[in-house]
Structures are given as C-alpha cells and as structure tokens.
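Trainee: Coordinates only, no sequence provided:
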C-alpha cells in the first residue's frame, strides 16, 4: 500500500520563531532563580515552563514527526 504524494506541494516554510529570544530569557530566569529563591513554587514553575518551551521547540523543529532513529528497528536491521 502506497500513499500518493503531490510532487508540486509547496514545502512548509519555517521561520526562526521566538526561540532565539525565549532560550536566553529562560537562561536568565534560571540564573536569577539560583541566586534569589529557594526550592519552592518558583522553582517548580520555572522547571515546568522550561520543559514546555523545550517540548514546543522540539515539536516545531521536527515538524511533529518521529525521527527515523526512534522508530522500531525490528523491521529492518542495521549493521
């Protein structure tokens, strides 16, 4: 079974997005957190926010596709 593909389909153009600004902002928040706060709700919120941003970035970069290296290798064996 083969899925048909339109060869004239335009590619999805990805711009840089907000990532060049979000990663330094998160880094500054982490640095500030280490100096000014103890382990409390600030730390938990910062960790959760960081995880969400990294997850969103990974989804955008991969186009929400699973990399080939993560796929089940039982169908094909690599040497």
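Mentor: Happy to help now that I have it. Given the structure is predicted, the values throughout are model-derived calculations rather than measurements. Numbers count the residues shown, from 1 in each chain.

Trainee: Which residue lies nearest the spatial centre of this structure?
Mentor: residue 58 (1.7 Å; C-alpha atoms, centre = their mean).

Trainee: shaky segments in the protein?
Mentor: Under the criterion pLDDT under 70, the flagged ranges of the chain are 1, 13, 67, 72-79.

Trainee: what about 80?
Mentor: Applying pLDDT under 80 to the chain flags residues 1-16, 37-39, 66-79.

Trainee: longest single helix anywhere in it?
Mentor: If you go by DSSP state H, the chain has its longest helix at helix 41-62.

Trainee: I would like the residues contacting the one helix or strand residue 20 maps to, please.
Mentor: Assigned by DSSP states H and E, residue 20 falls within helix 19-36. With C-beta atoms under 8 Å, 6 or more residues apart in numbering as the test, helix 19-36 has contacts from 42-43, 46, 49-50, 53, 57, 60. C-beta coordinates here come from the backbone N, C-alpha and C atoms, glycine included.

Trainee: before we move on, what about stretch 57-66?
Mentor: Residues contacting stretch 57-66 (C-beta under 8 Å, 6+ apart): 12, 14, 17, 19, 22.

Trainee: mind redoing it with 6 Å?
Mentor: residue 19 (C-beta atoms under 6 Å, 6 or more residues apart in numbering).

Trainee: starting at the chain centroid, how far to it?
Mentor: 6 Å (C-alpha atoms, centre = their mean, to the nearest Å).

Trainee: Distance across it, terminal residue to terminal residue?
Mentor: 14 Å (C-alpha to C-alpha, to the nearest Å).

Trainee: buried set for it?
Mentor: Within stretch 57-66, no residue counts as buried by 16 or more other C-beta atoms under 10 Å.

Trainee: same deal with stretch 24-37?
Mentor: Those would be residue 33, for stretch 24-37 by 16+ other C-beta under 10 Å.

Trainee: try stretch 37-56
Mentor: 46, 50, 53.
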